[in-house]
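**Q** coordinates only, no sequence provided:
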């Protein structure tokens, strides 16, 4: 089976080729340099750049995989959630190719794709509990069996990545803020600044607005008395945010008793969070602990190809 997958939910346009269940190409056209001057993604600009870039991304993916376009047997694309304009471009490209080649197309969910990014190089043992963390989403999802997605926890306001970006903006750091905070945290004292303990919302839901407000108050106060230290603050903020993430996830592990746990989404590239997931998995003797390779953490089409392959196999 040869699958061509398209991911265009935000500011990356990505095309992947999967051949016989293996990713043989995963090309990503990133627009970060075009949006950084605005401090975040500008939806209309993202859509226009997708139109400019999609043809070269497809050509490069076919070249890298040594596959001809008429050999493709299936096309998958991200249908939701995401920026409407960006999603429409990906859908139009996928549908046009599908009609031209007279092959089926499959509309897939972006969040489900992120979850299966951890399944590309290592396979799930079910049931699976997945912590999905990105700029737009923070979720805990439970999969009792393949493709049985159940959201048991989500954010009621800001996502974890959005919180990182907003705090980074107040610190004068460039967009995206998460990697910048992670980098500065390495040489910082994570106990230098005290954050109020964040209360859990409902059962497994999150709220990051309190952490964001506390961060802004600490920055303002410590700058006024000239006691502010950027690296120490980043380390302390990151510790508070990740402790909160893990606290809920650990509660879910105790209740659901999964055989596998996984991490997914752009924030899954955070070094401290990746280490904490392995620590918590070992603490509860989890059968498998899966985190995606760094190249599959941010938005990419390989995860859509993997998800497509899973649906094809499961339905057959």
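**A** Sure, I can see it. Since the structure is predicted, the reported quantities are computational estimates derived from the model, not experimental observations.

**Q** can you give me the strands in the stretch 1-150 of the chain?
**A** For the stretch 1-150 of the chain, strands defined by DSSP state E, counting those that start in this stretch occupy the ranges 2-7, 12-19, 22-30, 74-80, 105-109, 128-133, 138-143, 149-154.

**Q** brain fart, the stretch 201-316 of the chain
**A** Counting by DSSP E, counting those that start in this stretch, the strands of the stretch 201-316 of the chain are 260-264, 288-290.

**Q** for the longest one, what is the average pLDDT?
**A** So the one you mean is strand 260-264. Average pLDDT, strand 260-264: 96.

**Q** what angle do that strand and strand 128-133 make?
**A** 20 degrees (axes from the mean of the first three to the mean of the last three CA atoms, to 10 degrees).

**Q** got a list of contacts for strand 260-264?
**A** Applying CB atoms under 8 Å, 6 or more residues apart in numbering, the contact partners of strand 260-264 are 114-115, 117-119, 124-133, 249, 253, 273-274, 277, 280-281, 286-292, 297. C-betas here are computed from N, CA, C, even on glycine.

**Q** now list the buried members of these.
**A** 114-115, 117-119, 124, 127-133, 249, 253, 273-274, 277, 280-281, 286, 288-292, 297 (16 or more other CB atoms under 10 Å).

**Q** returning to what we had before: tabulate the strands of the stretch 1-150 of the chain in a markdown table, adding columns for mean pLDDT and distance to residue 231.
**A** Shown next, in a markdown table, are these (pLDDT from 0 to 100; distance: least, CB to CB, whole Å):
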| stretch | mean pLDDT | distance to residue 231 |
| --- | --- | --- |
| strand 2-7 | 98 | 34 |
| strand 12-19 | 97 | 29 |
| strand 22-30 | 96 | 27 |
| strand 74-80 | 97 | 37 |
| strand 105-109 | 98 | 38 |
| strand 128-133 | 96 | 23 |
| strand 138-143 | 96 | 25 |
| strand 149-154 | 95 | 31 |
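
**Q** for those, give me TSV that also has distance to residue 163.
**A** Listed next are those as TSV, based on distance: least, CB to CB, whole Å:
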stretch	distance to residue 163
strand 2-7	24
strand 12-19	21
strand 22-30	22
strand 74-80	23
strand 105-109	23
strand 128-133	10
strand 138-143	9
strand 149-154	14
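
**Q** show me what contacts residue 29?
**A** Residues near residue 29 by CB under 8 Å, 6+ apart: 12-14, 49, 53-54, 56-57.

**Q** just give me the closest of those to residue 34.
**A** residue 49 (6.2 Å; CB to CB).

**Q** in terms of secondary structure, what does the helix or strand bottoming out on mean pLDDT in the chain contact?
**A** Averaged element by element with mean pLDDT, DSSP states H and E, the chain has its least confident helix or strand at helix 32-35 (a mean of 85). For helix 32-35, the packing partners by 3 or more CB pairs under 8 Å, 6 or more residues apart in numbering; DSSP states H and E come out as helix 43-65.
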